[in-house]
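Enquirer: Using only what follows, build the 3D model:
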Amino acid sequence: MATTLAMLERREYSAYQELLKIVPNLEEHVMTSSEEAVITIAELIQKGASGARADNTKSMKAAIIDWITLKGQTLIPHIPRNVKTGQGFHHKRTGTLLCPTGYEWEKAETKVKLHSGQLQVAGDQWPLFLYVDYSYDMDDPWNGLLCSGLLVLAYRHVFTLPSSVDQEPKAMQSGNACIQCWLLMLPLSILELLEDPDETDEVDQLMGWWNWYAVMNTPCMMLMSQQTDLPSIY
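Expert: Model (predicted):
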């Protein structure tokens, strides 16, 4: 219990530090304001966060249909952009992506159990869409973890302009702070792994990959790199 609490406290502190980067004078206002004013500030922050989350979810619902559709193909059966039914484990494509590691979606038994709910997915059984090429390496669980193209598209959609998903060289807003916030949105079991001291080397490599691929490898940054010394830095 104490360990879990400490992890939650560290996570909340990390989120608070990122918030201060966005609103530099926030801490001063909190420390010098009345209790009622602090409550109001907290409510406004929560309202803004909830609104942003709702906007991101709404816009991503339509975009993700395009992302999971294989190039030159169509989803069969068709998945409507504004209807939840027929998705999840009820559709071949989404079922393949959501299938927990350690199971083979192509096996009829697996499909039936996931579809019916007979097979309950545990919190530490992560879906295949988290892995590069949607492939899980049982001998090396870190191989490709959190490096899938689908995650990169979702990151760019949330933290940069949606145009960067479509490879249009328009202005973007991104950076290490965005990556930290992105990681804070992951399931608790993954956050625990990322905060495990024994996994420091793997986490550093993962962060390095995201810094380069998700942020630097966009058309806007590529254009900037032609005019600056960014290649010598990264």
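Enquirer: any idea how far the lengthiest helix in the chain is from the chain center?
Expert: In the chain, taking DSSP state H as the definition, the longest helix is helix 35-68. Its chain's average C-alpha position is 15 Å from that of helix 35-68, according to C-alpha atoms, centre = their mean, to the nearest Å.
Enquirer: Same check on stretch 75-85?
Expert: In terms of C-alpha atoms, centre = their mean, the centre of stretch 75-85 is found 22 Å from the chain centre.
Enquirer: Need the distance between the two termini of that stretch.
Expert: 14 Å (C-alpha to C-alpha, to the nearest Å).
Enquirer: who's sitting farthest from the centroid in this protein?
Expert: The outermost residue of the chain relative to its centre, with distances by C-alpha atoms, centre = their mean, is Ser34 at 36.1 Å.
Enquirer: Tell me which residues of the longest helix of the chain come out buried.
Expert: 60, 63-65, 68 (16 or more other C-beta atoms under 10 Å). For glycine as for every other residue, the C-beta is placed from the backbone atoms N, C-alpha and C.
Enquirer: Widest-spaced pair of the residues you listed?
Expert: Within these, Met60 and Ile68 form the most distant pair, 11.6 Å apart (C-beta to C-beta).
Enquirer: Dihedrals phi and psi, the closest residue to Val112 other than its chain neighbours?
Expert: In this structure, Val112 finds its nearest non-sequential neighbour in Gln118, 7.5 Å apart by C-beta to C-beta, 6 or more residues apart in numbering. The phi/psi pair for Gln118 (degrees, to the nearest 10) reads phi -60, psi -30.
Enquirer: any idea how far Ser33 is from Gln118?
Expert: Relative to Ser33, Gln118 is positioned 53 Å away (C-beta to C-beta, to the nearest Å).
Enquirer: which of these two has more neighbours?
Expert: Each of Gln118 and Ser33 has its neighbours counted (other C-beta atoms under 10 Å); Ser33 has more, 13 against 9.
Enquirer: do you know how far the more buried one is from Leu19?
Expert: 16 Å.
Enquirer: cool, Met207 as well?
Expert: From Met207 to Leu19 the distance is 20 Å (C-beta to C-beta).
Enquirer: same check, this time on Lys58
Expert: 23 Å.
Enquirer: Could you do Ala108 as well?
Expert: From Ala108 over to Leu19 (counting by C-beta to C-beta), the distance is 48 Å.
Enquirer: So for the two, which sits in the more crowded spot?
Expert: A count of neighbours by other C-beta under 10 Å puts Leu19 above the other of Ala108 and Leu19, at 15 against 7.
Enquirer: Correct me if wrong: that one contacts Ile45.
Expert: Yes: counting by C-beta atoms under 8 Å, Leu19 touches Ile45, with 7.4 Å between them.
Enquirer: any idea where the helices of the chain begin and end?
Expert: Using DSSP H, helices in the chain cover 2-22, 26-32, 35-68, 92-98, 108-116, 149-159, 176-184, 188-194, 200-210, 219-225, 230-233.
Enquirer: Against which helices or strands is the first one packed?
Expert: Which is helix 2-22. helix 26-32, helix 176-184, helix 188-194 (3 or more C-beta pairs under 8 Å, 6 or more residues apart in numbering; DSSP states H and E).
Enquirer: Alright, that wraps it up for me.
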